[in-house]
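# Sequence first, predicted coordinates after that:
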Amino acid sequence: MYTLAVCAEMVFRDLPIDERARRIHEAGFQVEIWDWTRHDLDALARTPAEFSSMTGYIRGTLTDPDGAAELLRTAEESVKAAEHLGCPRLNLHGTGLDGEGLPVVPVPGAATGEMWIAAHRTLDRLAELGESTGVTFTLENLNTAVDHPGVPFATAADTLALVAAVDRPGLRMNLDLYHAQIGEGNLIELVRRAHGAGLIGEIQVADVPGRCEPGTGEINYPAVARALADLGYEGTVAMEAWASGDSHAALERFRTAFTP
């Protein structure tokens, strides 16, 4: 059976991040965070929480040599932060995101062939870093229609293609079903395809529209949960969603949706 986790950035938002992690742990979930440089890692490490994922770079991009060099350098720093928290997965995007989720280096239109080649080369080096340090880098699909316009390699199809092309255990896909619903839909078939290829590092969920907890929008997450159970998925499903109201209630709605 898969493991459930909750993003501490998006629930219990009136509390310090370490207290959020404690509350999530007490509710029976693992914990995820975003940019670790904004947090007191010592305070987080003192909590009993089990951390499942965090952002795996500080700056950089997959698409050009200078950006790739910066991404790799800051990924090495992120590995050390992950070791401090015992966190096994480090999350990536096609380029750095600012505080509003917008790309620091936007790409107008489709990524060029040169960008694809650069991304493959950079991800291969990141996979090597992950394998040598005992962590897994996960490349997340995003949506460009609502939240992240201008991010390269944003679709689930592009992300899956890159991870498959690298084909190394140090790199997997962070399959975000909220983003996939906005960009592509057909979620259960997408899960089946990625799982069948052995390329899922974790799955993230939120409902559409609104990016709140399961049960607040159009996605039939209990059906997704049944499909995951039928597939024998044993990884992590993480709620990366805003609490629509009370955070405890949001966590329980998430648990209910993913208890097939």
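All right, it came through fine.
# Run a quick neighbour tally on Arg20.
Residues within reach of Arg20, counting by other Cβ atoms under 10 Å, total 25. From N, CA and C alone the C-beta is placed, and that goes for glycine too.
# Is it located within a helix, as I assumed?
Yes. When the secondary structure is assigned by DSSP: H, G, I helix; E, B strand; the rest coil, Arg20 falls within a helix.
# Please shift the residue numbers so they start at 707 in all later answers.
Sounds good: first residue 707 from here, last item Arg726.
# what residues are up against it?
The contact partners of Arg726, taken as Cβ atoms under 8 Å, 6 or more residues apart in numbering, are 714, 717-719.
# Next one: it from Cys918, what distance?
Per Cβ to Cβ, to the nearest Å, Arg726 is found 17 Å from Cys918.
# For the contacts of Arg726, please prepare TSV with the additional fields neighbour count and secondary structure.
As requested, the contacts of Arg726 are arranged in TSV below (neighbours: other Cβ atoms under 10 Å; DSSP: H, G, I helix; E, B strand; the rest coil):
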residue	neighbour count	secondary structure
Ala714	27	coil
Val717	24	coil
Phe718	22	coil
Arg719	12	coil
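# Tell me the one of the residues you listed nearest Ala903?
The shortest approach to Ala903 among the contacts of Arg726 belongs to Ala714, at 30.1 Å (Cβ to Cβ).
# The closest one contacts Ile723, correct?
Yes. With contact defined as Cβ atoms under 8 Å, Ala714 reaches Ile723; the gap is 5.9 Å.
# any shared contact partners between the two?
Listed as contacting both Ala714 and Ile723 by Cβ under 8 Å, 6+ apart are Ile739.
# still on that earlier bit, which one among the contacts of Arg726 gets closest to Ala870?
For Ala870, the closest of those turns out to be Ala714, at 30.8 Å, with distances computed as Cβ to Cβ.
# and that closest one, how far is that from Ser838?
Separation of Ala714 from Ser838 (Cβ to Cβ) stands at 28 Å.
# swap in Gly802?
Gly802 sits 23 Å away from Ser838 when distances are taken as Cβ to Cβ.
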